[in-house]
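*Asks:* Need the 3D shape of this:
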Amino acid sequence: MTERYSIGKVSAACNVPIKTLRYYDEIDLLKPEYRDNDSNYRYYSKEQMTTILCIRRLRHLGFCLRDIKDLVSRSDLPTIEEKVNRRCEDILDEIDSLQAKMEACRSLLSRVSEGSDIVSDAKDAGDTRTPKVRIEIIDAGSMFYTREVMKQYRSTDVSLKRWQELYNRCDQYGIHSSSPVILTYHAKTLDQFLMNDCDVEFGIILDEEKTLTSKAHLAKMIRPWGGFTAATAYHLGSYDNIIQTHIAILQWAHQNGYEVVGPTSEEYIVSPLDVTNDDARVTRVIMPVEKSR
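*Replies:* All right, here's what the predicted structure looks like:
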């Protein structure tokens, strides 16, 4: 007598939910081979249980139901080879995507940890409001950027459109960087606070310059960055009073015999795209300086 198995027994034996088996029946992926005319119950054959295990294996490998249906109905080796090869290519794409997400998460973790340390140090010093100015050598590198004149610019406004434009271009060209976004004002010092038209650049420091500069269409979007001495200070919290940090750096530079010799930048260590809480934002203001002659 031919062995027949109820949906409950098949579910238990193959570790596939009854709901899933019924769905396979509905979409004509696998219909029970026998039907009892009196009870209208359906039963699976032993061979069909093998097919269910095959389907389960293919699902585990990430095959879509459409491809599984094709593989089950056409189990010739050339068809299997074609489908499996295509799935391998898809998995490689998924790995690339996951690696990019991991890099982005690690970058965010690094910046949040750095921001947390900066805030903690300021609290330990007993003053989170008064910027501590220091002289730093900004490491030389290359920056991928977008730049344009923004009408009646207000530094307290966050240009999400420009920010997103930079990220979109990074995605477009497959650029992965651990760098925070760096905003540079190509204008007179403090001019960005006067509601004037302002030449504003959004950029990130490249991790893999060699692979990018070899592409001619990207060369115009990359420029040198760093390699200069700067007076810097951290601004903690909202941008409403970030002008005070800029002024504090200018005053310190004047008092210590330095002059500003290049455009001011703001490095968004913890940015509005990282946290919604204004008080958690951490920004490094960078002013290129030289000793006054």
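*Asks:* which residue is nearest the middle of this structure?
*Replies:* Ala104 (4.3 Å; C-alpha atoms, centre = their mean).
*Asks:* for the host helix or strand of it, the distance to its chain's centre please.
*Replies:* Following DSSP states H and E, the helix or strand that holds Ala104 is helix 77-124. Centre-to-centre, helix 77-124 and its host chain are 8 Å apart (C-alpha atoms, centre = their mean, to the nearest Å).
*Asks:* Also stretch 26-36?
*Replies:* 45 Å.
*Asks:* quick one: average pLDDT of stretch 185-202?
*Replies:* Averaged over stretch 185-202, pLDDT sits at 89.
*Asks:* Now it - C-alpha only, CSV.
*Replies:* What follows is stretch 185-202, C-alpha atoms only, in CSV (Å, rounded to 0.1, in the frame of the first residue of the first chain):
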residue,chain,number,x,y,z
TYR,A,185,32.8,78.1,4.1
HIS,A,186,34.7,79.6,1.2
ALA,A,187,33.9,83.1,2.4
LYS,A,188,35.3,85.8,4.6
THR,A,189,35.6,84.8,8.3
LEU,A,190,32.2,84.8,10.0
ASP,A,191,30.5,85.8,6.8
GLN,A,192,28.3,82.7,7.0
PHE,A,193,26.6,84.2,10.0
LEU,A,194,25.4,87.4,8.2
MET,A,195,22.6,85.9,6.0
ASN,A,196,24.7,86.6,2.9
ASP,A,197,25.0,84.4,-0.1
CYS,A,198,27.7,81.9,0.9
ASP,A,199,29.9,79.5,-1.1
VAL,A,200,29.5,76.3,1.0
GLU,A,201,31.2,73.0,0.5
PHE,A,202,30.1,69.6,1.9
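*Asks:* Go through that stretch and flag the buried ones.
*Replies:* Across stretch 185-202, burial judged by 16 or more other C-beta atoms under 10 Å covers 185, 187, 189, 191-193, 198-202. Placement of C-beta: from N, CA and C, glycine included.
*Asks:* Between all of those, which two are separated the most?
*Replies:* Greatest spatial distance among those (C-beta to C-beta): Thr189 and Phe202, at 19.3 Å.
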